[in-house]
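Asks: Structure, please.
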Amino acid sequence: MITRRRPHASSLGNGMRDWPAMIAAVIESLQQQPMSDSGDYGYPPSTRRQDYALVLLQLLWRMRFDLLVLLLITVLVHQDWIPRNWTANESVVRIMGIAASIFLGFRNTQAIGRWWEARKLWGSVVNVSRNWADSLRAHLDSSRPPGRQERKLLRLQVAIVWQLNFQLRNFWQRDLRELQDQLLQDLKLPSTTNLRQLGQLRGVWIGDLHRQGLTDGFGRLQLMQVGNACTDAIGGLERIRNTPLPASYAVFVRLLNWLFVLLLLLYFHDLGPDSQSRFGSVVIVVLFLMAERIGAYVEGPFDADCSSFSLPLDSICLTISHDLLDHATDHVQHLKSDDPVRWT
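Replies: Alright, predicted model coming up:
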């Protein structure tokens, strides 16, 4: 028969007495500085806690008319100026709240999906632009001096990117518009050249490279494939811009949300003059309005106000300009922001 020895009481006591020393050793190891250095590449964008108030102010400012309507409805409810014979009981208010939450959740999910799809398409534009530069350097005949043609085609790609930015937003900063006009002037194109004309010109110039013997048939095919990938991404961005969610659905969700807000205010008003219940009703109502408005604002990722609801189009285009033209855009004074609260 095998017997299992129990640990001696003194050994258990010594183990318990060693716990403070072990904890102190762990804390000391965590406090030691790691043997690493920081680079010059910057840290990933993130929202700082001190910027929460700024994000809230951006949202409240865009909701200012909704808040005025809410204030008016609150006064009407408080003064008993709204007829009460049509209001529902507690069960109906709960059902309305569940229905409003479901529709709001679905609408906001679709809105975030549109925002994220637009960001992925702009990421494709960045990658395609870099592939365009690499393909030009790889396929142009190294035995002939293709520098002028290469610079011209690189400037054309940068002009396409900036024109896409401006046409999606229908808005531009003056210094960035001057950069675009300078690019078009260098290409001997009028300042009224639109995005489609630039895309057609890219195909013509690729054909010119082949006819002049600066690239072979395979190089022409590779350049056209890169150009077609850029056209596909542009088409996806234009689809998002020109096709919002159905108006009938947006109006229905907005009206349903306001109906629930009204019923909720009336319900809390019937509970009595308790200040806590009224304060809670206002907080819940404002949160529901915020949720509905956030979905509406994020649905259009090409806003011109450079807020946290839009995409950083200027920053993306400046990145492409620096990658393709090196120091040719250093004179641009426009501030490139990597802060998601202050996108440009």
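
Asks: C-alpha only now, for contacts and for neighbours.
Replies: Noted.

Asks: Tell me how many other residues crowd the closest residue to Leu187 other than its chain neighbours.
Replies: Nearest residue to Leu187 in three dimensions, chain neighbours excluded: Lys152, at 6.7 Å (C-alpha to C-alpha, 6 or more residues apart in numbering). Using other C-alpha atoms under 10 Å, the number of residues around Lys152 comes to 14.

Asks: And for Asn89?
Replies: 11.

Asks: and what of the one 4 residues further on?
Replies: Number of residues near Val93 (other C-alpha under 10 Å) recorded here: 20.

Asks: What distance do you get for Gln197 to Ile234?
Replies: The gap separating Gln197 from Ile234 is 13 Å, by C-alpha to C-alpha, to the nearest Å.

Asks: neighbour-wise, which of the two wins?
Replies: Set side by side, Gln197 and Ile234 show more neighbours around Ile234, with 21 against 11, by other C-alpha under 10 Å.

Asks: tell me which element the more buried one falls in.
Replies: According to DSSP states H and E, Ile234 maps onto helix 217-242.

Asks: likewise Arg114?
Replies: With DSSP H and E as the test, Arg114 turns up in helix 90-139.

Asks: Would you mind pulling up the elements that the helix or strand just after that helix packs against?
Replies: Next helix or strand after helix 90-139 toward the C-terminus (DSSP H and E): helix 147-169. Packed against helix 147-169 by the contact rule (3 or more C-alpha pairs under 8 Å, 6 or more residues apart in numbering; DSSP states H and E) you find helix 90-139, helix 174-186, helix 195-211, helix 217-242, helix 313-325.

Asks: quick one, helix 147-169 and helix 195-211 angle?
Replies: 160 degrees (axes from the mean of the first three to the mean of the last three C-alpha atoms, to 10 degrees).

Asks: which of the residues in helix 147-169 are buried?
Replies: Under the neighbour-count criterion of 16 or more other C-alpha atoms under 10 Å, helix 147-169 has 149-150, 153-166, 168-169 buried.

Asks: same check, this time on stretch 78-98
Replies: 93, 96-97.

Asks: Can you classify Pro83 by secondary structure?
Replies: Look at Pro83: counting by DSSP: H, G, I helix; E, B strand; the rest coil, its state is coil.

Asks: contacting residues for it?
Replies: The contact partners of Pro83, by C-alpha atoms under 8 Å, 6 or more residues apart in numbering, come to none.

Asks: May I ask you to confirm that Val298 is in contact with Gly113?
Replies: No: using C-alpha atoms under 8 Å as the test, Val298 is too far from Gly113 to be in contact (9.4 Å).

Asks: Which one's more surrounded, the two?
Replies: Set Val298 next to Gly113 and count neighbours by other C-alpha under 10 Å: Val298 wins out with 22 against 14.

Asks: Give me the distance between that one and Leu57.
Replies: In terms of C-alpha to C-alpha, Val298 sits 16 Å off from Leu57.

Asks: Read off the pLDDT value for the residue nearest to Leu187.
Replies: pLDDT, Lys152: 91.

Asks: For it, give its distance to His78.
Replies: From Lys152 to His78 the distance is 68 Å (C-alpha to C-alpha).

Asks: ditto for Leu184
Replies: Note on Leu184: its distance to His78, by C-alpha to C-alpha, is 61 Å.

Asks: What of Leu324?
Replies: 62 Å.

Asks: Check Leu287 too.
Replies: In terms of C-alpha to C-alpha, Leu287 sits 20 Å off from His78.

Asks: same deal with Leu187?
Replies: Leu187 is 66 Å from His78, by C-alpha to C-alpha.

Asks: count of residues packed around the residue nearest to Ser135 when sequence neighbours are not counted?
Replies: Among residues not flanking Ser135 along the chain, Leu223 sits closest, at 6.6 Å (C-alpha to C-alpha, 6+ apart). Residues near Leu223, counting by other C-alpha under 10 Å, number 24.

Asks: same thing with Trp122?
Replies: The burial count for Trp122: 24, using other C-alpha under 10 Å.

Asks: now what about stretch 215-225, what contacts it?
Replies: 132, 135-136, 139-141, 203, 206-207, 209-210.

Asks: Which two of those residues have the greatest separation?
Replies: Asp141 and Gly203 (18.5 Å; C-alpha to C-alpha).

Asks: just how off-centre is the helix or strand harbouring Leu266 within its chain?
Replies: Here Leu266, judged by DSSP H and E, is contained in helix 247-270. Distance of helix 247-270 from its chain centroid, counting by C-alpha atoms, centre = their mean, to the nearest Å, is 28 Å.

Asks: which residues sit against that helix?
Replies: By C-alpha under 8 Å, 6+ apart, helix 247-270 touches 73-74, 77-78, 87-90, 93, 96-97, 100, 103-104, 277-278, 281-282, 285, 288-289, 292.

Asks: hmm, try it at 6 Å
Replies: The contact list for helix 247-270 (C-alpha atoms under 6 Å, 6 or more residues apart in numbering) reads 100, 285.

Asks: what does the average pLDDT come to for the helix holding Arg114?
Replies: 92.

Asks: Give me the buried positions along the one helix or strand Tyr52 maps to.
Replies: Following DSSP H and E, one finds Tyr52 within helix 52-62. Buried residues in helix 52-62, counted by 16+ other C-alpha under 10 Å: 55, 59-60.

Asks: Are there helices or strands packed against the helix or strand following it, and which ones?
Replies: Next helix or strand after helix 52-62 toward the C-terminus (DSSP H and E): helix 64-78. Counting contacts by 3 or more C-alpha pairs under 6 Å, 6 or more residues apart in numbering; DSSP states H and E, helix 64-78 packs against no other helix or strand.
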